[in-house]
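1. here is my input; please provide its structure:
(3 chains)
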Amino acid sequence: MTAALLEVQGLGRDFGGLRAVHDLSFAVEAGRVKALIGPNGAGKTTTLDIIAGALAPSRGRVLLDGRPLPAAGPHAVAARGVARTFQLARLFGDMTVLDNVLVGCHVRARAGWGACAVRSRAMREEERRLHERARAVLARVGLTAREDVTAGALPYGEQRLVELARALAMAPRLLLLDEPGAGLDGDEHRRLAGLIAAIRDDGTAVLLVDHHIDFVMDVSDTVVVLCHGEKLAEGPPEAVRRDAAVIAAYLGAEDDGC
Amino acid sequence: MLDGVPQYLASGLVVGGIYALIGLGFVVVFSVTRIVNFAQGEFVMLGALLTVTLQARRLGAPAAFVLAVAAVAAVGAVLERLAVRPLRGAPGLTVLILTIGAAIAIRGAGLVVWGTDPFAVAAFSDGPPLRVGGAVVARQGLWVLGVAGAVFAGLWWFFTRTYAGAAVRACAINPRAARLMGIRVDRVFLLAFALSGALGATAGAVVAPITYATYDMGLMLGLKGFVAAVLGGLVSPPGAIAGGFLLGVVEALAAGLVSSAYKDAVAFVVLIALCLAQATGRLPWRVPATE
Amino acid sequence: MHAAGRRAAVLLAVLVVVAALPAVVSSRYVLSTLVFTALHALAALGLSLVMGFAGQVSLGQAAFFAIGAYVSGVLTASHGWNGWAALAVAAGAGAATAAAVGGPIFRLSGPLLAMATLGFGIIVYYVLVNWTGVTGGPSGLGGIPPLAVGSVRLDSDAAMVRLAWGALLLALWLAGNVVDSRVGRALRAVAASEPAAEAAGIDAARMKLGVFAAAGGLTALAGGLYAHYVTFINPSPFGFAYSVELVVMVVLGGVTRLWGAVLGAAAVVALVEVLRAALPALTASHGAAEYEIVVFGAILMAFVIFLPGGLGAARSRA
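-> As a prediction, the model looks like this:
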């Protein structure tokens, strides 16, 4: 079995008296898609935030390539090859779509203040490469035609794609997707599923959080069901779907009884 | 040198009372609106200089005091209504520049109206200074502590025993929930700014007989009051009070025991230390985010 | 690539025009106003980087102007240094001080940072006034030699117009290049959404610090040039009032445009001249600078409420 790229061990996070996440353990391997599902408040986004380095865990740890997450913050985690999208798309609204994606290329480039100020040959060469790369990513998500549009002016579905493109531009080894399908219609969902499958086939590990059960079942290799911050079940989609405890707690009941 | 300590303590407590009052002004506005009101220091200046003018018009000290405080409370209310209200929802930088602009406009207005000369202000009561436990305290110093104490008590009573005060506290904790409970949040904002004006003016009116009143007194006093408020976490009235007295005493001790030339430096050192502690996460309390 | 070339062309054209001006205009008043406008614009350019990209207000930027002026002044007047070397050290001192001060304070939220910069500005002013051995205290420091190229002293208004505008336009070119580059994109990203920028691998704190340091260097450079122009400096122009003036220049000109600094500087210089003409009492004492601040305060409030994009935005809207 491939060694896990991401390992979450006994993760716990409290907010005051509230236990948002408790004793959560799972692993994600390269070239696999794992989904975290559960009702609102189950701790899914909190888990993603911890893995992305934006939140410190109260207990437990996260290992990337067997090494603990850098403590310096999200930018350090990103530098180690982790890209993420947010529940509510966070774009650089006044910048063009291309510039948004170019920001994703930041980690893969090196030109510093001095080189940029004088436009050195190395800097110009690097800019050319980055532009090529950004355009390739945009083509991949199908947004080439929107390259020069101000990101904030796009319809919501396309904004989410821009965010995804920015994450892909980082050439991540682990991609964290927080409700990538939210606000998308049926067609867009299908396209997204295809995109995620292609990303997975490239060898990227994907951890996604979403509420659309069909979409999740369709796109994931394994599913982890969270309830009140604890793992209720884990396994291939069909197995989880049929798990009695899961059905009783989440898939069947209308309220989040858990 | 060390036998000057009681004296330093005494004068430190007096000036600490002033810092506490100003710090309270910052806390009242910030806890409700999440805005740092840069004009707070200028409210102090207005309070002091208005007292000067009113006393010159032969109003008795108590009447001058009350009028000055009321006038500056009105200034605070006007500031909220005309400037802060239109900018609700604006980015933090914009609101910041607004209160900075207000502070500067008020400071400039003070300069235009009263000029650069310092004014002497009559103390609230005449008489020689008193001896208290090895220290000599001017009567006005006792007035400062007395007025400050009365204000603290009055605020405590207001916040814990009145509906309006509870409304303010509710807004400080959770504005959305407060609105859902039927509290008029916009009125509370207005009240917060008016209170901040009143608190600043009180500080100014009561300290003016000790330190003279000038158009530029607001800058340093505002900064020190801010440090007091931050020492208390910017949202805690008791914290600001404690912070104010602490700052006053440390300042007086430093000036007396080390060097009086760098008295003002104490506040900055404390500010820098707070910044460092905040940056490295070593503060035992959270300096709240404003955005 | 095109944008950078266009920018260079425009700047060069402006430089040529400005360089030719002293041949046509001989009024000392006009020429010195031009020099001061360029120096203020250079100082404000630094601040506009901080406000536009780091999204923070520095209420102590005058301190860097002072650092630049005094470092260059003291090194040349008291220690006989070469003017250009002193200027370079002065700019470096500004950048280094900004980096040192910025480190602890840049993780703070807006108002706290503003207060901290206010405190810093006051501390520097205090030091200038009290460290009389080095700075000459309130009586000031004189005998600062003008800059020289070989044996040619740049002590005429004409020469300083060319030098000051040359420096300003060069700074605009460099800053514009940075804005259009990877670093500039990262800065704009941090300004737009810090969490998203961090998620993209950008160390927001270091970026903001870099901006602060660049701003300190630019403002200090302006201060150094100022010292070599006026040849005598004292602390009084470097106080809180000047920090306010710089903020007004940036807000007036438009926080997000580099040219805004130039626009704002010109507007403030013009405004101050108008005020001095309209209210002659202001020309009396050093307090003159302070009377203007009531207008500045009103301008800040008005612009922030009605014209948040500054004059630059108003124009493009019309």
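
2. please state the offset of stretch C:213-223 from the chain centre?
-> 7 Å (C-alpha atoms, centre = their mean, to the nearest Å).

3. for the stretch 101-250 of chain A, which residues are neighbours of chain C?
-> Residues of the stretch 101-250 of chain A lying close to chain C (C-beta under 8 Å from any C-beta of the partner chain) are A:102-107, A:109, A:111-113, A:116-119, A:123-124, A:126-127, A:130, A:163, A:166, A:170. Where C-beta positions appear, they are placed from N, C-alpha and C, glycine not excepted.

4. so what's residue A:237 up against?
-> Residue A:237 makes contact with A:216, A:217, A:218, A:220, A:222, A:223, according to C-beta atoms under 8 Å, 6 or more residues apart in numbering or on different chains.

5. from chain A, how far out is residue B:30?
-> 22 Å (C-beta to the nearest C-beta, to the nearest Å).

6. er, residue B:172 actually
-> 18 Å.

7. using PyMOL, define a selection of the buried residues within the residues of the stretch 101-250 of chain A next to chain C.
-> A single PyMOL command selects the buried members of those (16 or more other C-beta atoms under 10 Å in any protein chain shown):
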select buried, chain A and resi 102+103+104+105+106+107+109+111+113+116+117+119+123+126+127+130+163+166+170
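
8. residues in the stretch 201-318 of chain C within reach of chain A, list them.
-> Contact residues (C-beta under 8 Å from any C-beta) of the stretch 201-318 of chain C with chain A: C:201, C:202, C:203, C:204, C:210, C:214.

9. which residues does the fourth one contact?
-> Same thing as residue C:204. Residue C:204 makes contacts with A:75, C:190, C:194, C:197, C:198, as judged by C-beta under 8 Å, 6+ apart.

10. could you find the closest non-adjacent residue to the fourth one?
-> If you skip the residues right next to it in sequence, residue C:197 has residue C:189 as its closest partner in space, 4.0 Å away by C-beta to C-beta, 6 or more residues apart in numbering or on different chains.

11. please apply the same query to residue B:149.
-> Nearest one to residue B:149, counting by C-beta to C-beta, 6+ apart, is residue B:17 at 7.9 Å.

12. please apply the same query to residue A:166.
-> Nearest residue to residue A:166 in three dimensions, chain neighbours excluded: residue A:104, at 3.8 Å (C-beta to C-beta, 6+ apart).

13. any idea how far the one you found is from residue A:54?
-> Separation of residue A:104 from residue A:54 (C-beta to C-beta, to the nearest Å): 17 Å.

14. repeat for residue B:168
-> According to C-beta to C-beta, residue B:168 stands 33 Å off from residue A:54.

15. tell me which of those two has more neighbours.
-> Neighbour count, other C-beta atoms under 10 Å in any protein chain shown: between residue B:168 and residue A:54, residue B:168 has more, with 24 against 17.

16. show me the contacts for the closest residue to chain B within chain A.
-> Proximity of chain A to chain B (C-beta to the nearest C-beta) peaks at residue A:56, 10.1 Å away. Taking C-beta under 8 Å, 6+ apart, we find residue A:56 in contact with A:50, A:71.

17. what of residue C:171?
-> Listed by C-beta under 8 Å, 6+ apart, the contact set of residue C:171 reads C:42, C:45, C:218, C:221.

18. of those residues, which pair is most distant in space?
-> Using C-beta to C-beta, the two most remote members of these are C:45 and C:221, lying 9.8 Å apart.

19. residue C:143 belongs to a helix, doesn't it?
-> No - looking at residue C:143 with DSSP: H, G, I helix; E, B strand; the rest coil, it is coil, so not inside a helix.

20. once you drop chain neighbours, what's closest to it?
-> Nearest residue to residue C:143 in three dimensions, chain neighbours excluded: residue C:77, at 4.8 Å (C-beta to C-beta, 6+ apart).

21. surely the one you found touches residue C:136?
-> No - between residue C:77 and residue C:136 there is no contact under C-beta atoms under 8 Å: 9.3 Å.

22. okay, and the common contacts of those two?
-> residue C:142.

23. so which of the residues of the stretch 101-250 of chain A next to chain C are in helices?
-> A:102-104, A:113, A:116-118, A:123-124, A:126-127, A:130, A:163, A:166 (DSSP state H).

24. now do the residue nearest to residue B:149 against chain C, distance only.
-> Distance from residue B:17 to chain C, by C-beta to the nearest C-beta: 21 Å.

25. can you check residue B:118 too?
-> From residue B:118 across to chain C, the span is 13 Å (C-beta to the nearest C-beta).

26. I'd assumed residue B:213 was in contact with that residue.
-> Yes - with contact defined as C-beta under 8 Å, residue B:118 reaches residue B:213; the gap is 6.7 Å.

27. looking at the two, which is more packed in?
-> Neighbours were counted for residue B:118 and for residue B:213 using other C-beta under 10 Å; residue B:213 has more, 27 against 16.

28. quick check: phi and psi at that one.
-> The phi/psi pair for residue B:213 (degrees, to the nearest 10) reads phi -110, psi 120.

29. what's the local residue count around residue 18?
-> No chain in the question, so chain A it is. Residue A:18, neighbours per other C-beta under 10 Å, totals 11.

30. meant chain C, my bad for not saying
-> Residue C:18, neighbours per other C-beta under 10 Å, totals 18.

31. how about it, what does it touch?
-> C:34, C:161, C:162, C:165.

32. and what of residue A:177?
-> Contacts of residue A:177 by C-beta under 8 Å, 6+ apart are A:84, A:85, A:164, A:167, A:196, A:206, A:207, A:208, A:209, A:210.

33. A helix includes it, no?
-> No - per three-state DSSP, residue A:177 lies outside any helix segment and is strand.

34. read off the pLDDT value for it.
-> Here, the pLDDT recorded for residue A:177 equals 95.

35. equivalent analysis for residue C:314, please.
-> For residue C:314, pLDDT reads 48.

36. mind checking which helix or strand of chain A has the lowest mean pLDDT?
-> helix A:244-246 (a mean of 75; mean pLDDT, DSSP states H and E).

37. and that helix, what does it pack onto?
-> Helix A:244-246 sits against strand A:230-235, with contacts defined as 3 or more C-beta pairs under 8 Å, 6 or more residues apart in numbering or on different chains; DSSP states H and E.

38. which elements pack onto the strand it packs on?
-> strand A:18-29, strand A:222-227, helix A:244-246.

39. just the strands in the stretch 151-300 of chain C please.
-> Counting by DSSP state E, counting those that start in this stretch, the stretch 151-300 of chain C has strands at residues C:152-153.

40. for it, which residues are neighbours of chain B?
-> When proximity is defined by C-beta under 8 Å from any C-beta, the stretch 151-300 of chain C lies next to chain B at C:240, C:244, C:247, C:251, C:255, C:287, C:290-300.

41. that older thread, quick one: which of the contacts of residue C:171 is most hemmed in?
-> Neighbour counts for the contacts of residue C:171, by other C-beta under 10 Å, peak at residue C:218, which reaches 32 neighbours.

42. SS state for the closest residue to that one other than its chain neighbours?
-> Spatial nearest neighbour of residue C:218, excluding adjacent residues (C-beta to C-beta, 6+ apart): residue C:46 at 3.6 Å. When classified by three-state DSSP, residue C:46 comes out as helix.

43. how far away is residue C:46 from residue C:197?
-> Using C-beta to C-beta, residue C:46 is found at 22 Å from residue C:197.

44. those two - which one has more neighbours?
-> Shown here are residue C:46 and residue C:197; by other C-beta under 10 Å, residue C:46 has more neighbours (33 against 27).

45. residues contacting the more buried one?
-> So residue C:46 contacts C:61, C:64, C:214, C:215, C:216, C:217, C:218, C:219, C:222 (C-beta under 8 Å, 6+ apart).

46. can you select the buried ones from those residues in ChimeraX?
-> Those of the contacts of residue C:46 that count as buried under 16+ other C-beta under 10 Å are selected in ChimeraX with:
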select /C:61,64,214,215,216,217,218,219,222
